[in-house]
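# Everything below, folded, please.
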Amino acid sequence: MKMNRVKRLLPYIGIILGFVILSGLYFWPVVLENKVLPQMDNTHAIGMAQELFELEQQTGEKAQWTNSMFGGMPAFQIKSDSSANLFNYINKVIALGLPYHNIAILFLYLAGFFVLARSMGFNLGLSFLGSVAFAFGSYNLIIIIAGHITKAYAIALMAPVIGGILYTYNRNKWGGALFTAIALGAEIAYNHVQITYYLALLALVLVLDKLVRAIKMKALKDFLRRTALLGVSLVLALLPNISNLWTTYEYGKESIRGKAILAEEEASRPQKGLDPDYVFAWSYGKGETLTLMIPNFNGGGSKPLGMNTDLTRGLQQRINDFLIKNGINYGQHQGQLVNQLSGEIMQQSQYWGSKPFTEGPVYAGAIMCFLFVLALFFYKGDEKWWLLAGTILSIVLAWGHNFEWFNMLMLKYFPLYNKFRTVEMTLVLASLCIPVLGLLGLKTVIQDPDLIKQNTGKFLASLALTGGVCLFFWLFPESLSLVSAFELQSINAGKAAQPDQAIIYDLLLQELKYARALLLKGDAFRSLVLIFLASASIWLYAKKTISLKYLIPGLIILVGLDMWGIDRRYINKDSFISERQANSQFSPTQADLRIKADSDQHYRVFSIDRNAFNEVHTSYFHKSLGGYHGAKLRRYQDLIDYYLTNDFQMLRVAANDTNSVATIQAVLARTPAINMLNAKYIIYNGESDPVQNPYAMGNAWFVNNVRMVSTALDELLGISEVDLSNTAVIHEEFAEILGNETIGAEAGTIELISYHPDRLTYKANTASTQLAVFSEVYYSRGWKAYVNDVEVPIIRANYILRSIFIPAGESTVEFRFEPTSYKYGKLISIAGSILLIALLIFSIVVVVKRKDDKILNTEV
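Numbers count the residues shown, from 1 in each chain. Sure, this is the predicted structure:
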């Protein structure tokens, strides 16, 4: 009996080892040369979280607030405390201890899809084929080099979740529901809410399809029972994750993904959520959708043409011929002009789609697209329509502003859809559905090869709709514009503004079209060949010329070569750097070292020698006014829009002055927002000493006056209309707290005596009750103030800062970050984890007992 079990497990052990080896081979420089990928978003994450890392290393504490960026913000979306969540430990186990940032991700792509395929009844060979096709989809690899690590893991676990749902509906409802709970909980634990949301959309499509079929089959009761079990699975998945989900939900209301605070006054964006232009900035073009089958359909990634020697071969000769043909000949200086023009042309982008730029296309595989279309003609099973609907939905959503009427409806009315940007990300659903339906089509013709002979027309139609399209664009690439609308607009504007240079713009247009036509032709032909080889293999199998034992391995090799070849354009041996190079990404500049030498424990830094609001170098070393984060606090974003951006530009101009230090300090006299946030240092050149801000207002100060305002806009504008060192601008919503307190002008002192990201302690001494303003970001959902250990209400001052009343005499003032969502959420997470462990133990006991009873009954 035990030997039989081992024999049954051997193929799975072999496949797991195969996945590990395949993942290691792809990232072989990590394994053999101890190199790393320079992943931009991962670098950003390190910079954002450095203050939190240092605190944990020094004290073992995990702070929930950080001052490293944007004046201060919750750390929930930067480095969350996951110690109470069982699923985080499960995720570590299923990653097998493989390198976290690359090999483990690719392994889980492969293993996750394999679980889905097996749950749908595919044999080992087809499951392996589908795993390779999904795992090596171009988007899945591109996001790894971009450093979107949590997104990658969330994508990897989408397939097991769908597999669990299908297993619950189609086979064992109890086992399926328990597995769904584990898979979904593990997926949610990676905290990429956007991917989880898109997964929920696909799951909704699947469940609706099952509902319709249940009604038709008069099996509604069974459907409801299985759906109820999946509801329990959802609860079990959520409970251990509740701490992170609760804090994320709560923070979302205060972030740029929540309701606009100034919308009532500006009447510019009355809805909640992100601005439509921001949401749709990365919208996939309608025609660009063909990158799913022809990767370079729109040029590939936004790389310069000069990086591809095939595109620039003969460029100077073509330029010279063009100039002479149009009567331009500078004799001995002609070569200089040709060199100049060729240099400008080589800097142009290969990409010509509707997005501002892109790292690369979403490529699902030419062969898989053929099998997907084949399934539409030949597969008649239950899973066809939800997979097709999921694919179409993901494509239409990815079109964004290119299919505006539909996507605006989604943005306005579909719950939570307006919380997310970069809509092209929805194509992760198509990248999952295409190989699944493709496998179903292949399985159908494998099980009944006569179908192809009986339906030759349908087979040829599948070939025509895929290979035929590739053939057309191979032969006629110039049938497309080959330039983006923005490029064409720029060229036409240039010709209108400089008529004498019109011929040069025509040359640019010609060369753009020439190079991009080559890209399109090359990949169209490549996809055509792959589709022909795959379709020929299936045809020969149907004719019984080759057997199944050659067909499946042959398709695995073809699909592997197809996907691997495209992925190598984006991650190859040249993508890796040494650990030493990687560690040097955060080398301190002279300015950083000078600032770090300051013994003051708490102040802020504003860096103007970088893009202040899109960089993390400053955050790595200091408490920064800038930073990098996709969900800043809404109030802070308003401060950036109304003050800090303009201040940044004024300071940049001042930095170019010959007497830059004095000029910068003169500008700082007119930057109240910078000063009230206690920006003590301005970095204008990393290799020069920083400029000390003489107008920085310190950690806290007493004010003599209050300007009460009735609108948020007046509150924000008031920052520049009063002397903030003497007057606080306060919204009337705090009028009751202010009450009839007399704000005195007597002398008083207040100083910070202890700094911790979650706790700030001050000593105050006043002759009478006074109103103190603190250079700390206001966040009502967690910060609490205590004066002599007695809690006091926090008043919002100057739109973004904290303020409290301090009584006469000596006082100890303390701010503590104690969000209820984190405190009680963690307790719920612990309880949920314990419950899930108990259910797992119970399930194992029941299964073992049933097997033992079966053995005993057999022996009797």
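# By mean pLDDT, flag the weakest helix or strand of this structure.
The weakest-scoring helix or strand in the chain, judged by mean pLDDT, DSSP states H and E, is helix 263-266 (a mean of 54).
# next helix or strand past that one?
Following helix 263-266 in sequence order, the next helix or strand is helix 276-279 (DSSP states H and E).
# ok now that next one, how far from the chain's centre?
Put simply, helix 276-279 sits 16 Å off its chain's centre (CA atoms, centre = their mean, to the nearest Å).
# what do you get for stretch 117-132?
That offset, for stretch 117-132, works out to 28 Å (CA atoms, centre = their mean).
# now do stretch 317-324
The chain centre lies 45 Å from the centre of stretch 317-324; the measure is CA atoms, centre = their mean.
# can you list contacts of that stretch?
Asn329, Gln334, Leu337, Val338, Leu341, Ser342, Ile345, Leu507, Gln510, Glu511, Tyr514 (CB atoms under 8 Å, 6 or more residues apart in numbering). Every residue, glycine included, has its C-beta placed from N, CA and C.
# Need the per-residue pLDDT for His333.
On pLDDT, His333 comes in at 80.
# residues in contact with it?
By CB under 8 Å, 6+ apart, His333 has no neighbours at all.
# Make residue 1 into 743 and carry on from there
From this message on, residue numbering opens at 743, which makes the last subject His1075.
# could you point out which element follows the helix or strand encompassing Glu1552?
Glu1552 is located in strand 1551-1559, with elements delineated by DSSP H and E. Counting by DSSP H and E, the element after strand 1551-1559 in chain order, helix or strand, is helix 1562-1601.
# Flag every buried residue along that next one.
Of all the residues in helix 1562-1601, those buried under the rule 16 or more other CB atoms under 10 Å are Ser1563, Tyr1564, Gly1567, Lys1568, Ile1570, Ser1571, Ile1572, Gly1574, Ser1575, Leu1578.
# how close does the nearest residue to the first one once chain neighbours are set aside sit to Ile1536?
Looking back up the chat, that one is Ser1563. Nearest non-adjacent residue to Ser1563, counting by CB to CB, 6 or more residues apart in numbering: Trp988, 4.1 Å away. Distance from Trp988 to Ile1536, counting by CB to CB, to the nearest Å: 21 Å.
# Could you list the buried residues of stretch 756-771?
Ile757, Phe761, Val762, Leu764, Ser765, Gly766, Tyr768, Phe769, Pro771.
# Sorry, slip of the keys, the one I care about is stretch 1206-1222.
Buried residues in stretch 1206-1222, counted by 16+ other CB under 10 Å: Leu1207, Thr1208, Gly1209, Val1211, Cys1212, Leu1213, Phe1215, Trp1216, Pro1219, Leu1222.
# before we move on, back to that, and which of the buried residues of stretch 756-771 is nearest to Gly854?
In terms of CB to CB, no member of the buried residues of stretch 756-771 lies closer to Gly854 than Phe761, at 10.1 Å.
# so what's the closest one closest to, chain neighbours aside?
Leaving aside its chain neighbours, Phe761 sits nearest to Leu852 (4.2 Å; criterion: CB to CB, 6+ apart).
# which secondary structure element contains that neighbour?
Assigned by DSSP H and E, Leu852 falls in helix 845-861.
# which other helices and strands contact the helix or strand just after that helix?
The first helix or strand that comes after helix 845-861 along the chain, using DSSP H and E, is helix 866-877. Applying 3 or more CB pairs under 8 Å, 6 or more residues apart in numbering; DSSP states H and E, one finds that helix 866-877 makes contact with helix 744-768, helix 845-861, helix 1169-1189, helix 1290-1309.
# so what's the backbone phi/psi at the closest residue to Glu1552 other than its chain neighbours?
Counting by CB to CB, 6+ apart, Glu1552 lies nearest to Asn1507, which is 5.1 Å off, once chain neighbours are set aside. Note on Asn1507: backbone dihedrals following degrees, to the nearest 10 are phi -140, psi 110.
# Quick check: Asn1507 vs Val1138, distance?
With CB to CB as the criterion, Asn1507 and Val1138 are 65 Å apart.
# now the helices for the stretch 1093-1242 of the chain?
For the stretch 1093-1242 of the chain, the helices defined by DSSP state H, counting those that start in this stretch occupy 1108-1120, 1126-1141, 1146-1155, 1169-1189, 1192-1196, 1198-1205, 1211-1217, 1227-1239.
# Take the shortest one, keep the C-alpha atoms, and write them as PDB.
Only the C-alpha atoms of helix 1192-1196 are listed here, as PDB (Å, rounded to 0.1, in the frame of the first residue of the first chain):
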ATOM      1  CA  ASP A1192     -11.600  12.500 -35.700                       C
ATOM      2  CA  LEU A1193     -13.200  15.800 -34.800                       C
ATOM      3  CA  ILE A1194     -10.600  17.600 -37.000                       C
ATOM      4  CA  LYS A1195     -11.200  15.300 -39.900                       C
ATOM      5  CA  GLN A1196     -14.900  15.800 -39.600                       C
END
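# which residues are contacting it?
By CB under 8 Å, 6+ apart, helix 1192-1196 touches Phe1120, Thr1186, Val1187, Phe1201, Ile1280, Trp1281, Ala1284, Lys1285.
# Could I get the buried residue list for it?
Neighbour counts over helix 1192-1196 (16+ other CB under 10 Å) mark Leu1193, Ile1194 as buried.
# Let me know the average pLDDT across it.
Rounded mean pLDDT across helix 1192-1196 is 93.
# now it: how far from the chain's centre is it?
Its chain's C-alpha centre and that of helix 1192-1196 lie 45 Å apart, by CA atoms, centre = their mean.
# for the third one, same thing?
Taking CA atoms, centre = their mean, the mean C-alpha location of helix 1146-1155 is offset from the chain mean by 22 Å.
# ok and that helix relative to helix 1126-1141, angle-wise?
Inter-element angle recorded for helix 1146-1155 and helix 1126-1141: 90 degrees (by axes from the mean of the first three to the mean of the last three CA atoms, to 10 degrees).
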